[in-house]
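model the following, please.
(one chain, ligands or ions: 1)
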Amino acid sequence: MPGDKNTYGALDRYAIEDRNAPEFIPLLFQKMMPQLSAHALDMQMICRILEEFAFSFGKLSYPFNIGASFLSGVMPCLYYAKNTIPQETIGKIIAGKIILANGATEPTAGSDVFNMQSTATPTEHGYLLNGRKVFITNAGIATHSLLYVKDSNTHRIELFLVDLKQDGISVSASFNKTGLVDSSLGEITFTGITCTENDRISQTKSGREIFAESMCWERMGLSAVHLGVIEYILLSCKEIAEKNNTHDQSTWQRMAKIGARLKTLKSFLYDAEPHTDVMAKASMCKLLSSELFIDTANMLPGWIGAEHLSDSYMREFILDAPATSIYSGTNEIQHEIIAAFFRIKNDRGR
Ligand SMILES: Cc1cc2nc3c(=O)[nH]c(=O)nc-3n(C[C@H](O)[C@H](O)[C@H](O)COP(=O)(O)OP(=O)(O)OC[C@H]3O[C@@H](n4cnc5c(N)ncnc54)[C@H](O)[C@@H]3O)c2cc1C
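Model (predicted):
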């Protein structure tokens, strides 16, 4: 197992047996959310913390749970709801005691997310919300969720913060899946639940704009998570090669191929120069980091041999890889966003 790296103090190495304790995931949220929230205005720092956190775990699921909740749940609350939702609630969100899910996707609204059927109907005292959200990360452990819905009168996309324990909300059991096994994924159905104006996060900006912004944060942050896990796997491969005293050229050529892409992508992700189009940059990072994840996973069987493929880290890495090209917008959607960026630029992409 590669050695420790703990530049930002975010990490402890967690023994695998500790991870099975029921309080493990809530404790992880309580450890990570204050650290990430303290840097909510500094996306580079958030990426660094998430990358190192992912490296310390050496696998995708837990950093993915934390990253998804922070980037698409906590960040919108800190940016847009600090003065509307009660301070006590904000305090619990920052402390990781309220665990947030993010409800956008619906059965007929995935890539085409604003084609959603879920509605908010204005009433005398607030809103009545109806709808169903699917593929929701952390659904099984979340206490609250953000819900994107369409105002049934104006058709404006609105964003609400709801308590999942209130009457009218049901959360499905987590799906069984082959990848991201330590990540809960489920459905949230809400039928005639009442919300007040204070629960509406989209007061100063529409839900459509907040969603676009949160996807930029999520794509950058989850790219950093991908890089941290790939670094761990690469270092593990290097240690295996050194231990076996491997001198064949193909081993080190594979290392060079993945390592060069990793370094280049890290330079791009952490490039301090402001990018002219943050959305395109976030999409490029997400697309390239998920392609690197998948290419590394495809290379592993011929690289380290059967003996090491049974190692739980290697096995999970291979099984987790396909999902990286789906969540936070599929790779085809990232192509669309990047293509739009190039279409409005000249042929040199400027
Ligand atoms: C592990 C995981 C975690 C997730 N977590 C969350 C979460 O926390 N919250 C949440 O709201 N959602 C979540 N999702 C849902 C995710 O955002 C959607 O699965 C994704 O946006 C794709 O939507 P879809 O599955 O409905 O596929 P569809 O949109 O039906 O797409 C099907 C296929 O068509 C392609 N396609 C669609 N439109 C276009 C287009 N315009 N151009 C080219 N190709 C296109 C897609 O790339 C895809 O290959 C999660 C998904 C996964 C796998």
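
rest of the way, CA atoms for contacts and neighbours
OK.

list the contacts of the helix or strand that Met314 is a member of.
Met314 belongs to helix 312-320 when assigned by DSSP states H and E. Here helix 312-320 makes contact (Cα atoms under 8 Å, 6 or more residues apart in numbering) with 58-60, 178-180, 233, 294, 297-298, 300, 308-309.

Thr194 belongs to a helix, doesn't it?
No - under DSSP: H, G, I helix; E, B strand; the rest coil, Thr194 sits outside any helix and is assigned strand.

what sits against it?
Gly126, Tyr127, Leu128, Leu129.

roughly how far apart are it and Thr330?
Relative to Thr330, Thr194 is positioned 33 Å away (Cα to Cα, to the nearest Å).

cool, and Met33?
When Met33 is compared with Thr330 (using Cα to Cα), they lie 26 Å apart.

between those two, which has more neighbouring residues?
Shown here are Met33 and Thr330; by other Cα atoms under 10 Å, Met33 has more neighbours (23 against 19).

around the ligand, pick out the residues from this structure.
Contact residues (Cα under 6 Å from any ligand atom) of the chain with the ligand: 102-105, 109-112, 135-137, 323, 326-330, 332-333.

just the buried subset of the residues you listed, please.
Buried subset of the residues of the chain next to the ligand (neighbour count, 16 or more other Cα atoms under 10 Å): 102-105, 110-111, 135-137, 327-330, 333.

just the ones of those in strands?
Judged by DSSP state E, these include Asn102, Gly103, Phe135, Ile136, Thr137 as members of strands.

is it possible to get JSON lines of the residues you listed that adds pLDDT?
Listed next are these as JSON lines, based on pLDDT from 0 to 100:
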{"residue": "Asn102", "pLDDT": "98"}
{"residue": "Gly103", "pLDDT": "98"}
{"residue": "Phe135", "pLDDT": "98"}
{"residue": "Ile136", "pLDDT": "98"}
{"residue": "Thr137", "pLDDT": "98"}
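
how is the chain carved up into domains?
9-95, 100-206, 209-345 (automatic domain parsing).

which of those domains has the lowest mean pLDDT?
Among these, domain 9-95 carries the lowest mean pLDDT, at a mean of 88.

now that one: how far from the chain's centre is it?
How far domain 9-95 lies from its chain's middle: 11 Å, per Cα atoms, centre = their mean, to the nearest Å.

stretch 147-159 now?
24 Å.

partners of Lys150 in the sheet?
When bridges are called by DSSP bridges, Lys150 pairs up with Thr119, Ile157.

renumber starting at 669 from here on
Right, with 669 as the first residue, what we last looked at is Lys818.

what sits against it?
So Lys818 contacts Met784, Gln785, Ser786, Thr787, Ala788, Arg824, Ile825, Glu826 (Cα under 8 Å, 6+ apart).

residue contacts, the second one?
Read that as Gln785. Glu774, Gly799, Val817, Lys818 are the contacts of Gln785 under Cα under 8 Å, 6+ apart.

one more: the last one?
With Cα under 8 Å, 6+ apart as the criterion, the residues that contact Glu826 are Ala788, Tyr816, Val817, Lys818, Asp819, Arg868, Ile869, Ser870, Ser874, Gly875, Arg876.

which SS class is the one residue sitting closest to the centre of the chain?
Centroid-nearest residue in the chain, with Cα atoms, centre = their mean: Ala736, separated by 3.1 Å. Using three-state DSSP, the structure places Ala736 in helix.

residue boundaries of the strands in the stretch 869-1018 of the chain?
Shown for the stretch 869-1018 of the chain, no strands are assigned by DSSP state E, counting those that start in this stretch.

so which of the contacts of Lys818 is the most crowded?
Ala788 (28 neighbours).

and Phe803, what does it touch?
Taking Cα under 8 Å, 6+ apart as the contact definition, Phe803 lies against Thr773, Leu853, Gly854, Glu855.

biggest separation within those residues, which pair?
Across those, no pair lies farther apart than Thr773 and Leu853, at 12.1 Å, counting by Cα to Cα.
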